[in-house]
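Undergrad: Could you work out the structure for the sequence below:
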Amino acid sequence: MAFSGAVVLTDLNDYITPSQACIKPVEVTKTSSGTESQIVVDTDGAYYEVMQDGGKEELKPASITLNDCLACSGCITSAESILVTMQSQQELYQILQANKLALSEGRPQDVRTIVISVSPQSRASFAGKYGLTPLQVHKRLLWFFKEYLGAHYLFDTAFSRDFALIEAAKEFVRRYRQHQEKGGVLPMLASACPEKTHDYVLPHIDSTKSPQQIMGSIVKDYFGSHLGVTPNQIYHVAVMPCYDKKLEASRQDFYNDVYSTRDVDCVITTGEVERMFGEQGARILDASELEVESLFTKAVVSPVDGLPVLAGTEGSSSGGYLSYIFRFAARELFGVELSLSDIELGQNGVQVQLGRNSDYKEVILNLPERGPVLKFATSYGLRNMQNLVRKIKPGAGRRQRTRPGQTPSAQSEYHFVEIMACPSGCINGGGQLKPEEGSISAPKEFTAKAEEAYQSVGAYAGVQFPETNQAIEILYRDWLGGEDTPKAREMLHTQYHAVEKTVVSGLAVKW
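TA: A predicted model of the protein is given here:
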């Protein structure tokens, strides 16, 4: 196989920052004639081998696996690539086997408590593919991990996301006020997607940890202390829709030097869980179900049978950051109470503008006699991300014109952006389930089923707002000593560091 020149990746669903060293390979069959040729790309993105005599042949793209992508090391360090390879279902199998061996040999003190945290996007992906409800998926994952494999607990990162939403909303209000007074840093970018990017973007990223890492803090710090075990005696696995979450979990900021353990020991993707079912000779369609456990799970009591059921969340399937922070800011900054329908339908002073593609949307709050005072956006996919990052770059473009009451930064017209690297957001992460081979379902239709399943949770059980989650209130009091305490900042927030690169970041590549 030969490779084309430096062409950026355009067809990967997942996001591990491509650099200019990262290429989209095409298969070229070598000829015995030795005639020289060139590889060209037409306006539609098709690849052709052009011979000296003018003849050309269309080339078929070669497939790239995650291992191929990581092996090039154009976007991650060799140390990071080692950490990523350590995170797979095989690592979980080893811990499960070690626990069984310890028990059989009479060494219960060596048994590690295994905690599984499942993302709501992963549940929705299973539900969409197999025609189940997210509640059924959750119950069957409870059975599979606890009863079948031997894990001890299964939690829900929709629960820890309530912390993330509350903290992100408070940080945005603080930044907005600082910006009005002395020029604080805006726009603020959602931190849930662990993309790597230029160092000048780092001050714009919300300092709140992602739901995955907040759950890691809960499990290793709060839950561990209540169990009477040290952090390294817990093995915490997160089930996520995205491969990049493996890199996030490997960050040094989330490593406990005292106990030599990470907040999240292993990240496995939705697809890897599906493979685990096959490896264990099981099928999720045939799996038994266990009742929902409310511990660290976003659940409410069903009015039908009095049993816990999953509670819905507002906004997008990428976490609902725009919706929640927009409503919080409108109330705290301007005394305007907004409902979910106001955001969805564009009413009560809210204006919704769709972009040139379905992955870009603007949401604006207009006040009488003041005009637009809040301007938010959702930006999904690498192309939209690149355009936004270019606007944030210092000195890029001209200063935006502002109307009375509107205070965007000099480089961007937005105050907040729910930014995700994957097209369609987290519900379409690279680690999500794929259609069966030979399926006639188009990728967008397949993703739409997962989206529908995700939103069905709120339609069935209603939306539970973070501030009404009593368990979150209790944790603020008993674990963190209140809101805005040093402990809260340590457990719920992080900092970002520029990564030294020897190659040019893919966000600098022209599309």
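Undergrad: Could you use CA atoms for every contact and neighbour count after this?
TA: OK.
Undergrad: Let me have stretch 225-238 in CSV, keeping just the CA atoms, if that works.
TA: This file holds the C-alpha atoms of stretch 225-238, laid out as CSV (Å, rounded to 0.1, in the frame of the first residue of the first chain):
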residue,chain,number,x,y,z
SER,A,225,-14.4,6.7,52.3
HIS,A,226,-17.9,5.4,53.0
LEU,A,227,-16.9,1.9,52.1
GLY,A,228,-13.8,2.2,54.3
VAL,A,229,-11.4,1.5,51.4
THR,A,230,-8.6,3.5,49.9
PRO,A,231,-8.8,4.8,46.3
ASN,A,232,-6.5,2.1,44.9
GLN,A,233,-8.8,-0.6,46.3
ILE,A,234,-11.5,0.5,43.9
TYR,A,235,-11.4,-0.3,40.2
HIS,A,236,-13.5,2.3,38.4
VAL,A,237,-14.7,1.6,34.8
ALA,A,238,-16.5,4.2,32.7
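Undergrad: So for it, what gets flagged as buried?
TA: 231-238 (16 or more other CA atoms under 10 Å).
Undergrad: all helices of the stretch 201-350 of the chain, in order?
TA: 211-217, 224-227, 244-249, 270-279, 321-334, 340-345 (DSSP state H, counting those that start in this stretch).
Undergrad: between the buried residues of stretch 225-238, which is closest to Gly306?
TA: Ala238 (28.7 Å; CA to CA).
Undergrad: What score does Met1 have for pLDDT?
TA: Note for Met1: predicted pLDDT of 36.
Undergrad: Oh, that last question was meant for Ile23, not what I typed.
TA: For Ile23, the predicted pLDDT is 41.
Undergrad: contacting residues for His236?
TA: By CA atoms under 8 Å, 6 or more residues apart in numbering, the contact set of His236 is 114-117, 216, 219, 263-266.
Undergrad: ok, those residues vs Ile343, which is closest?
TA: Ser117 (29.8 Å).
Undergrad: element containing the closest one?
TA: strand 113-118 (DSSP states H and E).
Undergrad: what angle separates that strand from helix 270-279?
TA: 120 degrees (axes from the mean of the first three to the mean of the last three CA atoms, to 10 degrees).
Undergrad: Output the buried residues of stretch 225-238 as a markdown table; include the columns distance to Leu365.
TA: Output for the buried residues of stretch 225-238, formatted as a markdown table (distance: CA to CA, whole Å):
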| residue | distance to Leu365 |
| --- | --- |
| Pro231 | 45 |
| Asn232 | 47 |
| Gln233 | 49 |
| Ile234 | 45 |
| Tyr235 | 45 |
| His236 | 41 |
| Val237 | 40 |
| Ala238 | 36 |
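Undergrad: For Lys182, report the pLDDT, please.
TA: 83.
Undergrad: no wait, Leu388
TA: 86.
Undergrad: swap in the one 10 residues further on?
TA: As predicted, Arg398 sits at a pLDDT of 48.
Undergrad: returning to that earlier point: dump the buried residues of stretch 225-238 to a markdown table, plus pLDDT and distance to Ser160.
TA: Output for the buried residues of stretch 225-238, formatted as a markdown table (pLDDT from 0 to 100; distance: CA to CA, whole Å):
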| residue | pLDDT | distance to Ser160 |
| --- | --- | --- |
| Pro231 | 98 | 18 |
| Asn232 | 97 | 21 |
| Gln233 | 98 | 21 |
| Ile234 | 98 | 18 |
| Tyr235 | 98 | 18 |
| His236 | 98 | 14 |
| Val237 | 98 | 14 |
| Ala238 | 98 | 12 |
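Undergrad: and of those, the nearest to Asp206?
TA: Using CA to CA, the buried residues of stretch 225-238 come closest to Asp206 at Ala238, 21.6 Å.
Undergrad: Provide a list of residue ranges in the stretch 101-250 of the chain with pLDDT below threshold.
TA: Within the stretch 101-250 of the chain, the segments meeting pLDDT under 70 span 195-197.
Undergrad: which residue ranges form the strands in it?
TA: 113-118, 153-156, 188-189, 234-240 (DSSP state E, counting those that start in this stretch).
Undergrad: Same list (the ones you listed) but as JSON lines, adding distance to Phe145.
TA: Output for the strands of the stretch 101-250 of the chain, formatted as JSON lines (distance: least, CA to CA, whole Å):
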{"stretch": "strand 113-118", "distance to Phe145": "8"}
{"stretch": "strand 153-156", "distance to Phe145": "8"}
{"stretch": "strand 188-189", "distance to Phe145": "35"}
{"stretch": "strand 234-240", "distance to Phe145": "11"}
